[in-house]
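[1] Sharing a sequence plus its predicted fold:
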Amino acid sequence: MNKFQCISCGKPADELYRDFKGGIIKISHCSSCDEVVDKYIEYEPVIIYLDALLLKLPAFRHILINTVQTAIWKFTLVILLCEAFIRLLQDRYAKVPMAGPIKPDYVFYSALEWNLYYNYAVSAGELMIFLMAVVTVLFILQRKRGGGPQHPQLNIQLVVRALIWSNFGKVLVIPVMLWGQTYSAIYLSLSRAYVLACYVQALRVTGPASSLLEAVTVISIGSAVQWGVMACLPT
Ligand SMILES: [Zn+2]
C-alpha cells in the first residue's frame with residue numbers, strides 16, 4: 001500500500017521528494033496528473049492550516065495522509081473539553097436567555113462546575129457513537145462495492161483519526177464566545193455545520209466514500225444515529 005497521495009488528484013504516490021546525495025532534493029511529480037505530488041511540503045504550516053480552514057481538499061490530503069500525525073489522543077481530550085465548555089455555555093444561556101456576554105475568566109471558573117465534567121462524558125459518548133456509526137456504514141459500503149483498484153480500501157485507523165482531527169472547528173468557538181460582544185446561538189450552529197463540512201472533506205480523502213454525495217450521506221447517517229442514540233438515553 002502506498003504511503004502518500006497526490007494532493008491534487010488523490011492518486012497514490014511512492015514518495016513526496018527524492019533526496020539525492022549532496023543535499024540535492026527533487027520534488028516528485030504525480031504519474032497521473034503530472035502535478036507536484038505535495039506542494040505543501042515547501043509551505044509554512046500557517047498557510048497549510050489556512051487552506052485547511054477553507055476546506056480545501058489538497059490541504060486535507062497533505063495533513064491527513066502525507067503528514068505523520070502524533071498526539072491525536074491529546075488533541076481528542078482538548079476537543080472534548082471545548083465541546084463540554086460549549087455545552088456549558090448553551091445550558092447557561094438556555095436558563096438565562098438575556099444573560100450578557102461572559103467574562104473571559106469564566107473559562108477558569110467553569111472548571112469548578114460539575115456540569116463541565118458531565119458534559120465532557122456526554123461529548124465523549126457522542127463522539128464514540130458517531131465514529132462507530134460512520135465506520136459501520138463505510139464497512140457496509142465497502143462490502144457492497146467489493147474490492148477493486150478504483151475504490152480506496154477502508155483504513156479504519158486513518159478514518160477515525162481524520163474524523164477526530166476534523167473537530168478543530170470547535171476550538172474556534174471558544175474565542176468567539178469569550179471575546180464576542182454578544183452571545184448568539186448562531187455561532188454554535190455555524191461551528192457545528194463547519195465541523196460537519198470538515199467531516200465530509202476528511203471522508204473524501206481517507207474513506208472509501210470518495211464522492212461528495214457518498215461522503216455527505218455517510219456523515220448524515222452517522223449524525224442521525226448519534227442524535228437518535230443520545231435522544232434515547234435518559235438525561
Ligand atoms: Zn495527481
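    Arrived safely. Only a predicted model underlies this, so the values are computations on that prediction, with no experimental measurement involved. Numbers count the residues shown, from 1 in each chain.
[2] In this structure, what residue spans correspond to helices?
    When assigned using DSSP state H, the helices of the chain occupy the ranges 45-53, 57-64, 72-95, 106-109, 114-145, 156-165, 169-179, 185-206, 212-232.
[3] can I see the domain layout of this structure?
    Following the assignment in automatic domain parsing, the chain carries domains at 1-68, 69-232.
[4] Can I get these in JSON lines including mean neighbour count?
    All C-beta spots, glycine's among them, are computed from the backbone N, C-alpha and C. Listed next are these as JSON lines, based on neighbours: other Cβ atoms under 10 Å:
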{"stretch": "domain 1-68", "mean neighbour count": "16"}
{"stretch": "domain 69-232", "mean neighbour count": "16"}
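[5] hang on, the earlier thing: want to try JSON lines for the helices of the chain, with distance to residue 17 and mean pLDDT as columns?
    Shown next, in JSON lines, are those (distance: least, Cβ to Cβ, whole Å; pLDDT from 0 to 100):
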{"stretch": "helix 45-53", "distance to residue 17": "16", "mean pLDDT": "93"}
{"stretch": "helix 57-64", "distance to residue 17": "13", "mean pLDDT": "93"}
{"stretch": "helix 72-95", "distance to residue 17": "25", "mean pLDDT": "83"}
{"stretch": "helix 106-109", "distance to residue 17": "42", "mean pLDDT": "65"}
{"stretch": "helix 114-145", "distance to residue 17": "31", "mean pLDDT": "89"}
{"stretch": "helix 156-165", "distance to residue 17": "22", "mean pLDDT": "91"}
{"stretch": "helix 169-179", "distance to residue 17": "31", "mean pLDDT": "74"}
{"stretch": "helix 185-206", "distance to residue 17": "20", "mean pLDDT": "87"}
{"stretch": "helix 212-232", "distance to residue 17": "30", "mean pLDDT": "90"}
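[6] Out of the ones you listed, flag the one nearest the ion.
    helix 57-64 (10.0 Å; Cβ to the ion).
[7] Export only the CA atoms of that closest one, formatted as CSV.
    Taking Å, rounded to 0.1, in the frame of the first residue of the first chain, the C-alpha atoms of helix 57-64 are listed here in CSV:
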residue,chain,number,x,y,z
LEU,A,57,-9.1,19.0,-0.3
PRO,A,58,-5.4,19.3,-1.1
ALA,A,59,-4.7,20.7,2.4
PHE,A,60,-6.7,17.9,3.9
ARG,A,61,-4.8,15.3,1.9
HIS,A,62,-1.5,16.8,3.0
ILE,A,63,-2.4,16.9,6.7
LEU,A,64,-4.3,13.6,6.9
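[8] how far off helix 185-206 does it point, in degrees?
    Orientation check (axes from the mean of the first three to the mean of the last three Cα atoms, to 10 degrees): helix 57-64 against helix 185-206 gives 80 degrees.
[9] is any part of helix 57-64 close to the ion?
    No - on the criterion Cβ under 5 Å from the ion, helix 57-64 is out of touch with the ion, staying 10.0 Å away.
[10] and that helix, what other elements does it pack with?
    If you count contacts as 3 or more Cβ pairs under 8 Å, 6 or more residues apart in numbering; DSSP states H and E, helix 57-64 packs onto helix 45-53, helix 156-165, helix 185-206.
[11] how about a cut-off of 7 Å?
    When contacts are defined as 3 or more Cβ pairs under 7 Å, 6 or more residues apart in numbering; DSSP states H and E, helix 57-64 sits against helix 45-53, helix 185-206.
[12] quick revisit: which one of the helices of the chain lies nearest to residue 15?
    Closest to residue 15 of those is helix 57-64 (Cβ to Cβ; 14.4 Å).
[13] What separation do you get for the residue nearest the centre of the chain and residue 53?
    Among the residues of the chain, the one closest to the centroid is residue 166, at 0.8 Å (Cα atoms, centre = their mean). Distance of residue 166 to residue 53, given as Cβ to Cβ, to the nearest Å: 12 Å.
[14] With that, I have no additional questions.
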